[in-house]
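J.: Predicted structure and sequence below. I'll ask about it afterward.
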Amino acid sequence: MKSARKKRASTAAATLSETPLTAFSSDLLTPEEERELLSGFWDCKTELVRLLIRSYPELRANRPPLEPWPMAQFIREYCEEKKLLDLPTIYRLYDRYVRFKHRLASANIRLAAHVAKRFRHHSLSYADLLQEAVCGLMQAIDRFDVSHGTRLATYATWWIRQTLQIAVARQSHLVSLSPHHLQELGLLQQESEALAHGGKHLPSPQELASRTGSSLEHLTHLQTATRTPVSLNAVLDDDSDFKLTEAMPDNQSSTLQNNNERQEALGFLMENLRPRERKVLDLRFGLTGNGTHSLRQIGHLLRISKERVRQIQNRALEKLRASAERVGWEPSLLLD
């Protein structure tokens, strides 16, 4: 029985070696043809790993277990190095390995396209979805175990769907989402549509939270993360050229305007103070941009005591507050 399986694998390998890599068709395989290809692919993978370890003893420390996925990773890691493909025997065997893999992928490309169509309602283009689906199919081929006794398409469907879910979660929104959050979004959309069709009204966030079993805070956070982004150059009205940027406040200009108004108001009120009182406030709070000074420093400059400087400061501030109240200004807007 083993000799018959090897004979079939060698026959499939010979057919693949005679076929150019770009000439693979997407014709479906019969169960018998698929089993022959998978058996030949497994035998080729096993022989390639053994040949690599036998030809390069330094790879023995990294010998993979006799399982499909570790062996595929081992081949991908070491056969991509050109120095390992210098030997003609390794090169020919690796070429057979790639041809087996591409033949299996081309036979199941319709499955990848079919699964990718189910994700077209997301923001990714169909070309990107198809590319991700093919990546999931190639990973399923690397992971598939012949001893499972199932069709490759049955096993690959889960990996293709998983790859697409991860791609959509990462690229569909500005905020990267996990596949779990993507499933929650799908459930949220289903419940929203069910409530809208049943009650003929848009459901409230409280109703959605009670139906999905999640908290209102988590639901709001999820909806905020998946909100459609709006460009700052977007036009608010189709009948005008008024853009969103023109409606946004300029915080920097507003701050500068408030500072200028505060300086003008303070200068107007300080005209009612005595020269020494203006000098003390100027030195104490740095009104003219010369920096602030302590009470002791001001007393040394004016040749008066520290306590006397405190008294002049408090009296000047009281005059400013009284003047501000008379003209209807908030005293806190003068000296913050």
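T.: Looks like it arrived, so ask away. Residues are numbered from 1 along each chain as shown.

J.: C-terminal to the lowest-mean-pLDDT helix or strand in the chain, what's the next element?
T.: Of all helical and strand segments in the chain, the minimum by mean pLDDT, DSSP states H and E falls on helix 2-17, at a mean of 48. Toward the C-terminus, helix 2-17 is succeeded by helix 31-55 as the next helix or strand (DSSP states H and E).

J.: List the buried residues of stretch 141-154.
T.: Ile141, Asp142, Phe144, Arg151, Leu152, Ala153 (16 or more other C-beta atoms under 10 Å). (Each C-beta comes from the backbone N, C-alpha and C, glycine too.)

J.: you'd agree Leu104 is up against Gly40?
T.: No: counting by C-beta atoms under 8 Å, Leu104 sits too far from Gly40 to count as a contact (10.0 Å).

J.: mind listing the helices for the stretch 101-250 of the chain?
T.: 109-117, 126-143, 152-171, 179-199, 205-212, 216-225, 244-247 (DSSP state H, counting those that start in this stretch).

J.: In JSON lines, list those along with distance to Glu307 and mean pLDDT.
T.: JSON lines is the format used below for the helices of the stretch 101-250 of the chain (distance: least, C-beta to C-beta, whole Å; pLDDT from 0 to 100):
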{"stretch": "helix 109-117", "distance to Glu307": "83", "mean pLDDT": "93"}
{"stretch": "helix 126-143", "distance to Glu307": "77", "mean pLDDT": "94"}
{"stretch": "helix 152-171", "distance to Glu307": "68", "mean pLDDT": "88"}
{"stretch": "helix 179-199", "distance to Glu307": "66", "mean pLDDT": "73"}
{"stretch": "helix 205-212", "distance to Glu307": "62", "mean pLDDT": "77"}
{"stretch": "helix 216-225", "distance to Glu307": "56", "mean pLDDT": "78"}
{"stretch": "helix 244-247", "distance to Glu307": "55", "mean pLDDT": "66"}
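
J.: Which one of these lies nearest to Pro31?
T.: Distance to Pro31, taken as C-beta to C-beta, is lowest for helix 152-171 among these, at 10.1 Å.

J.: Show me what the closest one is packed against.
T.: Where contact means 3 or more C-beta pairs under 8 Å, 6 or more residues apart in numbering; DSSP states H and E, helix 152-171 is packed against helix 109-117, helix 126-143, helix 179-199.

J.: who's in contact with the shortest one?
T.: So the one you mean is helix 109-117. 26, 28, 126, 129-130, 132-134, 136-137, 153, 156-157, 160-161, 164 (C-beta atoms under 8 Å, 6 or more residues apart in numbering).

J.: I'd like the domain boundaries of the chain, if you could list them.
T.: The record's domain parsing of the chain by automatic domain parsing lists 2-171, 254-333.

J.: what's the most buried one of those domains?
T.: Comparing the domains of the chain by mean neighbour count (mean count of other C-beta atoms under 10 Å), domain 2-171 comes out on top with a mean of 16.

J.: and the helix or strand hosting Tyr78, average pLDDT?
T.: Assessed by DSSP H and E, Tyr78 sits inside helix 68-79. When pLDDT is averaged over helix 68-79, the result is 90.

J.: Compute the inter-axis angle for it and helix 31-55.
T.: Here helix 68-79 runs at an angle of 50 degrees relative to helix 31-55 (axes from the mean of the first three to the mean of the last three C-alpha atoms, to 10 degrees).
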